[in-house]
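Trainee: model this:
(chains A and B)
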Amino acid sequence: MDQSLLFAPIRELAHKIREGETSSLSVMESLLERINRLNPQVQAYLTVSQERSLEAAQQKDREMRAGKNSGPLHGVPLALKDNIETKGLRTTNGAKRLHDHIPSADATIVKKLKKAGAIIFGKLNMHEIALGGTTDNPHYGFTRNPWDSSRIPGGSSGGSASAVAAGMCPASFGTDTAGSIRIPAALCGIVGLKSTLGRVSRSGVFLLSWSMDCVGPITRTVRDAALLLEVIGGFDPKDPVTSRKRLPRYTEELEAGIKGIRVGVCKEYFSDLVEPDVHRAFQGAMTEISRLGIDVVELPLNLERAHVSAAHEIILASEAATYYEPHLRAGIGDFGPDVRLRLQRGLAIPAVHYLKAQQVRTVIQQRFRDLFDQIDVMASPTVAVPAPLRGQQNVSAGGIQRSLREALVSLTLPVNLVGFPAITVPCGFSSEGLPLGLQLVGRPFDEATLLRVAHGFESATPWKDQRPPL
Amino acid sequence: MSANAELLKTIFQELLNFDPHPDDLETLSQMIDTLKQDTARLEEVDTTGVNPAFLSEPFAGPRKV
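Mentor: The predicted model follows:
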């Protein structure tokens, strides 16, 4: 196979398979060869179904030759974060207790992907139970950032982002409770989409927070993210949070035009937090967005970061502790120290404080609604710093030492708290050659506008074509 | 073990019927302090009458009840 196809968008791969310019088998063989060569170094994959996926690819090729095209992903190999259940394929949730767990059913999004023709061939490393941002998993190893192997890929969907950035997977899926799709996508130089809470079913996905978790695609292009959201989105009776709102044809709306869209920048919320390289890249991105005919306006968010992070942490810790309490009681020693501590801390939160946090959350969401009366999309850097080194506990962000967690999630977690959709797209590099991301936030269920702006920016800039030195 | 850690252990055992991991007691007692700070920050936000119904209706807005 043409090796450039290892970095091709899935839309192009699907087209070439459909037109007979390549085969699903050829794509799969090339991917497996690259995974076998690079995974010992990158450690993105936990499980790869080699024989079964080759058979599946041959079957897809036979179907295509017989004129049977099962959908927009026919014959395209995809991999998933290891907290998404896959029938007959090991799913560990990054947890020791689930080392040998073979699910008996597919998650709803897996069923939808397979129906659209995709081949689910591998499962990707993650921070243990998705509760953390380094993907330094005590049971399954440390996933490395393909741009610099001494640095974290971010997390918790670190394996998903690392694999896509390294050309070891055309696209993947992650979950996002505080930024776990967007952070690793930004730190690895690719695209990550967290849709509106309720747009995508979580049925069959190991949860962390019922009221904040979202499943979404990690891709090389915005168009691929739009395509995958079309495939996995929509109401699911198995997840009561999912909405019955119509699922737009996002790919068809990408070119609908972006002139006149209003993008808001709430500098007061983040300007003291970000590193100079991140600030510079963000300023450059805003200049480019203005050049595209988009109105960029500065306006206040009128929120204190401390209120936002306190509400988020209390809700996350309470819900995660509730979800994992049976596991804690059954084998507390099976958890790594960082996750164990956070879960136990969650047990100690009184219900009164949890409900107060939910009230505060509603007040914060109203501030976002008020803001979006004046704008269509909000922009910020995705992460305050470039990818930190493995083992760093504190990082310099905005000129002062902050906890690693604060530096990673401060700009992404407000979006989970309010349930709005957000995407990260590459917007440049640090002076050390590490990728940086631009975060765009949209109105609830208006992923279409968000994707249009992101696609317009991506098309006007060279960042999506940069590849790590592997 | 510090007095705070002892107290924490008792609270977990008596209130939650749960034995915290012995290696974590000191760190947990410090984390509880940050939790207190978090809840103090929440108290600064006026939520009088706001219905905490986010779980069932995430986009219903702050209807007062």
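Trainee: which intervals of the chain have sub-threshold pLDDT?
Mentor: Unless you meant another one, I'm taking chain A. Residue ranges of chain A with pLDDT under 70: A:1-2.
Trainee: that answer is for a different chain, and I need it for chain B
Mentor: For chain B, applying pLDDT under 70 flags the ranges B:62-65.
Trainee: Next, name the residue at the spatial heart of it.
Mentor: The centroid of chain B falls nearest to B:Leu35 when counting by CA atoms, centre = their mean (5.9 Å).
Trainee: where's it, which helix or strand?
Mentor: Taking DSSP states H and E as the criterion, B:Leu35 maps to helix B:25-43.
Trainee: Can I get that helix in PDB, CA atoms only?
Mentor: Extracted in PDB, the C-alpha atoms of helix B:25-43 (Å, rounded to 0.1, in the frame of the first residue of the first chain):
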ATOM      1  CA  LEU B  25      -4.800   8.100  55.200                       C
ATOM      2  CA  GLU B  26      -2.300  11.000  55.600                       C
ATOM      3  CA  THR B  27      -2.700  12.100  52.000                       C
ATOM      4  CA  LEU B  28      -6.500  11.700  52.200                       C
ATOM      5  CA  SER B  29      -6.700  13.900  55.300                       C
ATOM      6  CA  GLN B  30      -4.800  16.600  53.400                       C
ATOM      7  CA  MET B  31      -7.100  16.100  50.400                       C
ATOM      8  CA  ILE B  32     -10.100  16.600  52.600                       C
ATOM      9  CA  ASP B  33      -8.700  20.000  53.400                       C
ATOM     10  CA  THR B  34      -8.800  21.000  49.700                       C
ATOM     11  CA  LEU B  35     -12.300  19.600  49.500                       C
ATOM     12  CA  LYS B  36     -13.300  22.000  52.300                       C
ATOM     13  CA  GLN B  37     -11.700  24.800  50.300                       C
ATOM     14  CA  ASP B  38     -13.700  23.800  47.200                       C
ATOM     15  CA  THR B  39     -17.000  23.700  49.100                       C
ATOM     16  CA  ALA B  40     -16.200  27.100  50.600                       C
ATOM     17  CA  ARG B  41     -15.800  28.500  47.100                       C
ATOM     18  CA  LEU B  42     -19.100  27.100  46.100                       C
ATOM     19  CA  GLU B  43     -20.800  28.900  49.000                       C
END
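Trainee: So which other helices or strands are in contact with that helix?
Mentor: In terms of contact count using 3 or more CB pairs under 8 Å, 6 or more residues apart in numbering or on different chains; DSSP states H and E, helix B:25-43 is assigned the packing partners helix A:305-331, helix A:337-347, helix A:351-371, helix B:3-16. Where you see a C-beta, it was placed from the backbone N, CA and C, and this is true even at glycine.
Trainee: So which residues on the stretch 351-470 of chain A come close to chain B?
Mentor: Proximity of the stretch 351-470 of chain A to chain B, by CB under 8 Å from any CB of the partner chain, involves residues A:353, A:355-363, A:365-366, A:369, A:419, A:444.
Trainee: Select only the buried ones of the residues you listed in PyMOL?
Mentor: Those of these that count as buried under 16 or more other CB atoms under 10 Å in any protein chain shown are selected in PyMOL with:
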select buried, chain A and resi 353+355+356+357+358+359+360+361+362+363+365+369+419+444
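Trainee: tell me which of the residues of the stretch 351-470 of chain A next to chain B is nearest to A:Phe457?
Mentor: The shortest approach to A:Phe457 among these belongs to A:Pro444, at 21.5 Å (CB to CB).
Trainee: And for the closest residue to the closest one other than its chain neighbours, the neighbour number?
Mentor: Computed as CB to CB, 6 or more residues apart in numbering or on different chains, the closest residue to A:Pro444 that is not its neighbour in sequence is A:Thr196, at 4.9 Å. Neighbour count of A:Thr196, defined by other CB atoms under 10 Å in any protein chain shown: 24.
Trainee: so A:Thr196 sits right up against A:Phe445, yeah?
Mentor: Yes - shown here, A:Thr196 and A:Phe445 form a contact pair, counting by CB atoms under 8 Å, at 5.0 Å.
Trainee: OK, contacts around the residue nearest to the centre of chain B?
Mentor: When contacts are counted by CB atoms under 8 Å, 6 or more residues apart in numbering or on different chains, B:Leu35 touches A:Ile314, A:Arg345, A:Ala348, A:Ile349.
Trainee: Please report how far the last one lies from chain B.
Mentor: It refers to A:Ile349. Going from A:Ile349 to chain B by CB to the nearest CB, to the nearest Å gives 7 Å.
Trainee: Could you give the number of residues near that residue?
Mentor: 22.
Trainee: Could you do the first one as well?
Mentor: Counted with other CB under 10 Å, residues neighbouring A:Ile314 total 26.
Trainee: quick one on the thing from earlier: confirm the residue nearest to A:Pro444 sits in a helix?
Mentor: No - using DSSP: H, G, I helix; E, B strand; the rest coil, the secondary structure at A:Thr196 is coil, not a helix.
Trainee: Give the helix, strand or coil label for A:Pro170.
Mentor: The three-state label given to A:Pro170 by three-state DSSP is coil.
Trainee: so what's it closest to, chain neighbours aside?
Mentor: Spatially, and ignoring its direct neighbours in sequence, A:Pro170 is nearest to A:Ile10 (4.7 Å; CB to CB, 6+ apart).
Trainee: my guess is the one you found contacts A:Ala226, does it?
Mentor: No - if you go by CB under 8 Å, A:Ile10 and A:Ala226 don't touch, sitting 11.0 Å apart.
Trainee: Common neighbours of these two, please.
Mentor: By CB under 8 Å, 6+ apart, A:Ile10 and A:Ala226 have no common neighbours.
Trainee: Between the two, tell me which one has more neighbours.
Mentor: Shown here are A:Ile10 and A:Ala226; by other CB under 10 Å, A:Ala226 has more neighbours (29 against 25).
Trainee: Need the nearest residue in space to that one, chain neighbours excluded.
Mentor: Nearest residue to A:Ala226 in three dimensions, chain neighbours excluded: A:Tyr250, at 3.8 Å (CB to CB, 6+ apart).
Trainee: Could I get the phi/psi values of that neighbour?
Mentor: Note on A:Tyr250: its backbone torsions stand at phi -60, psi -40 [degrees, to the nearest 10].
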